[in-house]
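Peer 1: Structure for the following, please:
(one chain, ligands or ions: 3)
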Amino acid sequence: MARVFITRRLPGDAVDRLAAAGHEVDVWREPSPPPAEALREHTAQADALLCMLTDPIDSDLLEAAPRLRAIANYAVGSDNIDVDAARARRIAVGVTPGVLTDATADIAFALLLAIARRLPEGEAAVRNGEWTTWEPDWLLGRDVHGATLGIVGRGRIGDAVARRAEGFGMTVVHHSRSSGIPLDKLLEEADFVSLHVPLTPETRHLIDAAALARMQPTAYLVNTARGGVVDQDALAAALHDGTIAGAALDVTDPEPLPPDDPLLAAPNLIVLPHLGSATHDTRRAMAELAVDNLLAALDGKPMPNPAS
Ligand code: NAP
Ligand code: GLV
Ligand code: GLV
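Peer 2: Ligands and ions are numbered 1, 2, ... in the order given. Down below sits the predicted model:
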């Protein structure tokens, strides 16, 4: 029997499979994440951890958890975990790929359409009485059909966004390390740039002031990857001075973004609260994969979905 610490309540009943397999389950039941000290105390007594992307799992925390042998992140990204430090301690780390691909691609495309066609401005105008009559030249946006979409990081989600874009009559170009066109060329050509790389030392601030300056002044940036992929100060400046036409973000740095963060004062910006995988079915499926990872590791087997 192993002791499993789960840092939030999860949708669905996947967690029941841990108890059914004879494991002792400790679930953090508060409505917000465990504070650092609580995370440390509960993890210190656990053989396995099921954590969220909001839980920083660093080498100090691992050092304080001598029994820990498995970590299942409730996310496909693993940038909140020091994976090298875990490996050095022979702790298996797993993620939840695939099951959230379409839900996240849908949010990327929803953001693309919303920023191009100015949906939040239109919705606000209806509610605040600013809409007085149909106007030939009011709230004009950009055509999506016929535009070029530049996908940065063409993996599972990048590919799913490309499929949607083809259905909408867009031309798709992409940049990854192993395929596609150089990033500079993509930034120069694209009417929409959509980010789908993992956050790594290599991709941190991949979109900085120089990258934004390469984009067209009529182009939009969509980010559903991680906030840290974009230099947010440079993005705020680019929106204020018209270097790019707009940005639509599902992810920021930090999360949550404080309501007085200077980024929120920038024009032509949509920000969502990290909703990429937020559908009932997707979040249940993620719980199943996370539990599959833990059950395998606790049984001495390789995790079916290890972090890369
Ligand atoms: P994936 O299948 O591993 O795709 C990532 C792609 O990025 C890979 O194909 C890789 O191709 C490329 N890449 C990696 N490093 C790169 C670099 N330095 N420069 C250019 N391309 C690079 O992952 P995924 O399942 O699509 O997920 C992608 C990311 O989306 C996750 O890591 C996570 O951070 C984020 N995400 C966000 C949400 C949300 O709620 N907003 C939901 C799910 C995922 P090469 O190896 O050829 O470079
Ligand atoms: C969400 O952001 C994930 O990485 O699954
Ligand atoms: C708009 O609603 C139109 O009919 O053109």
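Peer 1: contacting residues for V271?
Peer 2: 248-249, 252, 257, 263-264 (CB atoms under 8 Å, 6 or more residues apart in numbering). Bear in mind the C-beta positions are built from the backbone N, C-alpha and C, glycine included.
Peer 1: Pull out the buried residues from those.
Peer 2: 248-249, 252, 257, 263 (16 or more other CB atoms under 10 Å).
Peer 1: quick one: which two of those residues are the most distant?
Peer 2: For the buried ones among the contacts of V271, the maximum inter-member distance is 13.9 Å, found between A248 and L257 (CB to CB).
Peer 1: Provide the backbone phi and psi angles at the residue lying closest to A116 once chain neighbours are set aside.
Peer 2: Using CB to CB, 6 or more residues apart in numbering and skipping the chain neighbours, the partner closest in space to A116 is R142 (4.7 Å). For R142, the backbone dihedrals (degrees, to the nearest 10) come out as phi -110, psi 140.
Peer 1: what's R142 in contact with, if anything?
Peer 2: By CB under 8 Å, 6+ apart, the contact set of R142 is 116-117, 191, 218, 220, 245.
Peer 1: Check the gap between it and L112 for me.
Peer 2: Distance of R142 to L112, computed by CB to CB, to the nearest Å: 10 Å.
Peer 1: Spit out the residues that contact these two alike.
Peer 2: Looking at what touches both R142 and L112 (by CB under 8 Å, 6+ apart), the common residues are Y220.
Peer 1: most neighbours, which of the contacts of R142?
Peer 2: Y220 (26 neighbours; other CB atoms under 10 Å).
Peer 1: That one against L113, yeah?
Peer 2: No. With contacts counted by CB atoms under 8 Å, Y220 stays clear of L113, the gap being 10.5 Å.
Peer 1: Spell out which parts of the chain neighbour ligand 1.
Peer 2: 76-77, 97, 100-101, 104, 153-158, 176-179, 196-200, 202-203, 224-226, 250-251, 274, 276-277 (CB under 6 Å from any ligand atom).
Peer 1: what subset of the residues you listed is also close to ligand 2?
Peer 2: Near ligand 2, by the rule CB under 6 Å from any ligand atom, you find 76-77, 100, 276-277 out of the residues of the chain next to ligand 1.
Peer 1: Same list, those residues, but as TSV with distance to E63, neighbour count and pLDDT please.
Peer 2: Listed next are those as TSV, based on distance: CB to CB, whole Å; neighbours: other CB atoms under 10 Å; pLDDT from 0 to 100:
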residue	distance to E63	neighbour count	pLDDT
V76	26	24	98
G77	23	19	98
L100	31	23	98
G276	32	24	98
S277	30	23	98
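Peer 1: Which one of those residues is nearest to ligand 2?
Peer 2: Proximity of these to ligand 2 (CB to the nearest ligand atom) peaks at G77, which lies at 3.2 Å.
Peer 1: dump the residue contacts of the closest one.
Peer 2: Here G77 is in contact with 53, 95, 198-199, 226 (CB under 8 Å, 6+ apart).
Peer 1: Report the buried members of the residues you listed.
Peer 2: Here, 16+ other CB under 10 Å leaves 53, 95, 198-199, 226 buried among these.
Peer 1: Serialize the residues you listed to TSV and add fields for pLDDT.
Peer 2: As requested, the buried ones among the contacts of G77 are arranged in TSV below (pLDDT from 0 to 100):
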residue	pLDDT
L53	98
V95	99
P198	98
L199	98
R226	99
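Peer 1: Redo those residues as TSV? Include secondary structure and distance to A124.
Peer 2: As requested, the buried ones among the contacts of G77 are exported to TSV (DSSP: H, G, I helix; E, B strand; the rest coil; distance: CB to CB, whole Å):
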residue	secondary structure	distance to A124
L53	coil	30
V95	coil	37
P198	coil	34
L199	coil	32
R226	coil	28
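Peer 1: ok, those residues vs ligand 1, which is closest?
Peer 2: P198 (3.3 Å).
Peer 1: what secondary structure does the residue nearest to that closest one when sequence neighbours are not counted sit in?
Peer 2: Nearest residue to P198, sequence neighbours excluded (CB to CB, 6+ apart): G77, at 5.8 Å. For G77, the assignment made with DSSP: H, G, I helix; E, B strand; the rest coil gives coil.
Peer 1: how close does G77 get to L39?
Peer 2: Distance from G77 to L39, by CB to CB: 18 Å.
Peer 1: Would you mind listing the residues in contact with the spatially most central residue of the chain?
Peer 2: A centroid search over the chain (CA atoms, centre = their mean) returns A225, at 4.3 Å, as the residue closest to the centre. Contacts for A225 (CB under 8 Å, 6+ apart) come out as 153, 195-199, 203, 251.
Peer 1: ditto for K185
Peer 2: By CB under 8 Å, 6+ apart, K185 lies in contact with H175.
Peer 1: pLDDT on the helix or strand in which it is found, on average?
Peer 2: Element membership of K185, judged by DSSP states H and E, is helix 183-189. For helix 183-189, mean pLDDT rounds to 98.
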